[in-house]
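Asks: From the sequence below, what's the structure:
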Amino acid sequence: MDKMGKQFSQIINKNNLRNKINKITNKDNLYAIEKNIENLSENIENKKKLYKAERSKLSIYRHPLLISKYFCLYLIEALQKIGRFILSHLIALTFLILLIISGVYFIETNVESDKLHVIRSTLIWYGYWIMLGVLSSIGLGTGLHTFVLFLGPHIAEVTAAAYTCGNLNFKVFGEGSFICSGKPLSTPISVLSIYSKIKMPSFLWGLGTALGELPPYFVSRAASLTGQKDQTISRFENINENSSFADKVQAFIFKFLRKMGFFGILLCASIPNPLFDIAGILCGHFLIPFGTFFGATFIGKALIKNTIQSVFIIIVFSETVINYILSLISGYPTLYNFVKNAIEGQTKKFKANSTGSVEDNGSGIISIIWNTLIITMISYFVFSIIESLAISEFQKLKEKELSIIVDESKKKLNIKGPDMQVITEVADVAFNYINSKLNNFDKTESMEDLKSEIDMTNNRPKEQNNITDKRSKPRKSKLYKNKY
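Replies: Numbers count the residues shown, from 1 in each chain. All right, here's what the predicted structure looks like:
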């Protein structure tokens, strides 16, 4: 393939081997390298196909013990890394811990208990929403949908309380929350006034979603800096007619982001987009500056998309829309009574809170269904994370096995003679090429593709070339032409 040939030629030029190659006197060593590379590439591709088949069968529901094994191996490796980090930064971490303890002790001893309680509850409340935002986007496509499960219902509850109380004189968290107080306002409750009541939880949740997009960015950036190619990038670059619709959509987003840059990231972050993880992977791989990526992500998620979603929930659960929905379903008595009783039950709860006679509605069918849904989705999220980490550990172990195969093959080369230095450099280039392909099980290279990049046919001994000519037409060398 011409593209591969050009890439390999660039590697040769970068290593200053262009003029040295034509001076090689003993071509037997070059032929030995070619045979070694051919056999190695065939072995590697067979292994990659086998590993890909094994990986496709890995599922926590079909093979829970196998997933548990790789997940435990991941945890062991992660704990070892954490332990090494702690030991290497022991003094700095000790100083930081002592500083935090001193600060907490100073605040505890010098701030009034009432104010201290307010500070604690506020920090916990804000941290709660940031954490939910992170969980919503950190799962690489399997994040917990915390807007639907937590923030959306919270906004709906605040909206319902505002219309029930007729004002905004109620707390939304902590002790005494959602208790109506004061007289209803003479003017109608507006959408913007309700939004001002939930703007901080909404903003902090959006901030958390932006922070949750950073792991794919940093992982992909680290891989790019070490010369590796992310599997997702490779998959998107090799989309064909047989690819699934989801892959084609992701490939379109990939090309769009690559072309538009900052404004592409901003646009994708500003709309509900479960495929936004591609943006982090793409920006990390192409070393887009952190400020550009996170700036666009923060503006899109924490300011634009978040505001649109919050205002939409407020409008949907406003008094006018609720009455309109009830009028639409009035012809269906069962459904109408179910929705109306649910709304009236919520209204009674707010009014009961204001008088101190709170009724326990936790046993209601709506509460049971909602709690079951939350437990189910959280369980699915946890299982998805475990499966994802286990599969990543499986792939890491298989990549190490392939690296060992490459290293052992390289050791078998017995290069001697006056051309040893140049031949060694050529061999290193060839083996580095193979190493760069080890982290992608989704794409396999044929031996012809590899020979197009590392073609040494014309450098074989004449006896070997005569044998080859009888079977097929000999290739023209791309590395040892006179142009080099």
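Asks: Check L257 and give its pLDDT.
Replies: Turning to L257, the model gives it a pLDDT of 74.
Asks: Spell out, range by range, the helices that occur in the stretch 251-400 of the chain.
Replies: Ranges of helices in the stretch 251-400 of the chain, per DSSP state H, counting those that start in this stretch, are 262-269, 277-285, 290-298, 306-316, 319-328, 333-355, 365-411.
Asks: Spell out which residues sit in contact with P272, please.
Replies: 305, 309 (Cβ atoms under 8 Å, 6 or more residues apart in numbering). From N, CA and C alone the C-beta is placed, and that goes for glycine too.
Asks: Roughly how far does it sit from I67?
Replies: Applying Cβ to Cβ, to the nearest Å, the value for P272 to I67 is 30 Å.
Asks: same deal with S41?
Replies: 31 Å.
Asks: now do I271
Replies: As for I271, its distance to I67 is 34 Å (criterion: Cβ to Cβ).
Asks: next one: E393
Replies: 10 Å.
Asks: Over to I288: give its phi and psi.
Replies: Torsion angles at I288 (phi, psi; degrees, to the nearest 10) stand at phi -60, psi 130.
Asks: do G166 as well
Replies: The phi/psi pair for G166 (degrees, to the nearest 10) reads phi 80, psi 10.
Asks: One more: K199?
Replies: Main-chain torsions, K199, degrees, to the nearest 10: phi -70, psi -40.
Asks: so what pLDDT did it get?
Replies: 92.
Asks: cool, and the one 3 residues further on?
Replies: As predicted, S202 sits at a pLDDT of 93.
Asks: Please apply the same query to G300.
Replies: 90.
Asks: What separation do you get for the nearest residue to it once chain neighbours are set aside and G176?
Replies: Nearest non-adjacent residue to G300, counting by Cβ to Cβ, 6 or more residues apart in numbering: A269, 2.6 Å away. Taking Cβ to Cβ as the measure, A269 falls 37 Å from G176.
Asks: quick one: which of those two has more around it?
Replies: Comparing A269 with G176 by neighbour count (other Cβ atoms under 10 Å), the higher total belongs to A269, at 25 against 10.
Asks: so that one touches T297, yeah?
Replies: Yes - taking contacts as Cβ atoms under 8 Å, A269 lies within contact range of T297: 4.9 Å.
Asks: shared neighbours, those two?
Replies: Common neighbours of A269 and T297 (Cβ under 8 Å, 6+ apart) are 210, 279.
Asks: how many other residues sit next to V219?
Replies: Using other Cβ under 10 Å: V219 sits among 17 other residues.
Asks: host element of it?
Replies: Secondary structure assigned from DSSP states H and E places V219 in helix 214-225.
Asks: which other helices and strands contact that helix?
Replies: Contacts defined by 3 or more Cβ pairs under 8 Å, 6 or more residues apart in numbering; DSSP states H and E place helix 214-225 against helix 277-285, helix 290-298.
Asks: got these as JSON lines, with distance to I100 and mean neighbour count columns?
Replies: Converted to JSON lines, these look like this (distance: least, Cβ to Cβ, whole Å; neighbours: other Cβ atoms under 10 Å):
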{"stretch": "helix 277-285", "distance to I100": "30", "mean neighbour count": "25"}
{"stretch": "helix 290-298", "distance to I100": "26", "mean neighbour count": "18"}
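Asks: Now render these as a markdown table, adding distance to T307.
Replies: Shown next, in a markdown table, are the helices and strands packed on helix 214-225 (distance: least, Cβ to Cβ, whole Å):
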| stretch | distance to T307 |
| --- | --- |
| helix 277-285 | 20 |
| helix 290-298 | 13 |
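Asks: Can you pull out the low-pLDDT segments for the stretch 251-400 of the chain?
Replies: For the stretch 251-400 of the chain, applying pLDDT under 70 flags the ranges 273-275, 277, 346-366.
Asks: Can you say which of the helices of the stretch 251-400 of the chain is nearest to F71?
Replies: helix 365-411 (4.2 Å; Cβ to Cβ).
Asks: what's the span of stretch 290-309, first residue to last?
Replies: End-to-end distance of stretch 290-309: 26 Å, with Cα to Cα, to the nearest Å as the criterion.
Asks: Output the helices of the stretch 251-400 of the chain as JSON lines; include the columns distance to P153.
Replies: Listed next are the helices of the stretch 251-400 of the chain as JSON lines, based on distance: least, Cβ to Cβ, whole Å:
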{"stretch": "helix 262-269", "distance to P153": "24"}
{"stretch": "helix 277-285", "distance to P153": "25"}
{"stretch": "helix 290-298", "distance to P153": "25"}
{"stretch": "helix 306-316", "distance to P153": "9"}
{"stretch": "helix 319-328", "distance to P153": "15"}
{"stretch": "helix 333-355", "distance to P153": "11"}
{"stretch": "helix 365-411", "distance to P153": "8"}
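Asks: Y74 and K396: what is the separation?
Replies: In terms of Cβ to Cβ, Y74 sits 8 Å off from K396.
Asks: Between those two, which is the more surrounded one?
Replies: Y74 (20 against 14).
Asks: ok, the residue nearest to the more buried one when sequence neighbours are not counted - contacts?
Replies: Among residues not flanking Y74 along the chain, E393 sits closest, at 4.0 Å (Cβ to Cβ, 6+ apart). E393 makes contacts with 70-71, 73-74, 77, as judged by Cβ under 8 Å, 6+ apart.
Asks: hmm, try it at 7 Å
Replies: 70, 73-74 (Cβ atoms under 7 Å, 6 or more residues apart in numbering).
Asks: Check I138 too.
Replies: 212, 215.
Asks: and it, what pLDDT?
Replies: At I138, pLDDT is 74.
Asks: Quick check: the gap between it and E213.
Replies: Distance from I138 to E213, by Cβ to Cβ: 8 Å.
Asks: which stretches of the stretch 101-250 of the chain have low pLDDT?
Replies: 139-144, 226-247, 249-250.
Asks: What are the boundaries of the helices in it?
Replies: 113-137, 146, 152-165, 191-212, 214-225, 231-237, 245-260.
Asks: Can you tell me which of these is most buried?
Replies: Among those, helix 146 has the highest mean neighbour count (mean count of other Cβ atoms under 10 Å), at a mean of 23.
Asks: what residues does that one touch?
Replies: Contacts for helix 146 (Cβ under 7 Å, 6+ apart): 132-133, 135-136.
Asks: how about the residues you listed, which pair is most distant?
Replies: Across the contacts of helix 146 (Cβ to Cβ), the longest gap, 7.3 Å, separates G133 and L135.
Asks: coming back round to it: tell me which of the contacts of E393 fall in helices.
Replies: The helices, defined by DSSP state H, take in 70, 73-74 from those.
Asks: could these go into CSV alongside pLDDT and distance to L123?
Replies: Shown next, in CSV, are the ones in helices among the contacts of E393 (pLDDT from 0 to 100; distance: Cβ to Cβ, whole Å):
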residue, pLDDT, distance to L123
Y70, 90, 37
L73, 92, 37
Y74, 90, 32
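Asks: Check those residues against G345 and report the nearest one.
Replies: Distances from G345 to the ones in helices among the contacts of E393, taken by Cβ to Cβ, are shortest for Y74, at 45.9 Å.
Asks: Tell me if I'm right that that closest one and A390 touch.
Replies: Yes - contact criterion Cβ atoms under 7 Å: Y74 and A390 qualify, at 6.5 Å.
Asks: for the nearest residue to F383 once chain neighbours are set aside, phi and psi?
Replies: Taking Cβ to Cβ, 6+ apart, and ignoring the residues beside it in sequence, F383 has I60 as its nearest neighbour in space, at 5.3 Å. Reported as degrees, to the nearest 10, the phi and psi values for I60 are phi -70, psi -20.
Asks: Thank you kindly, that will do.
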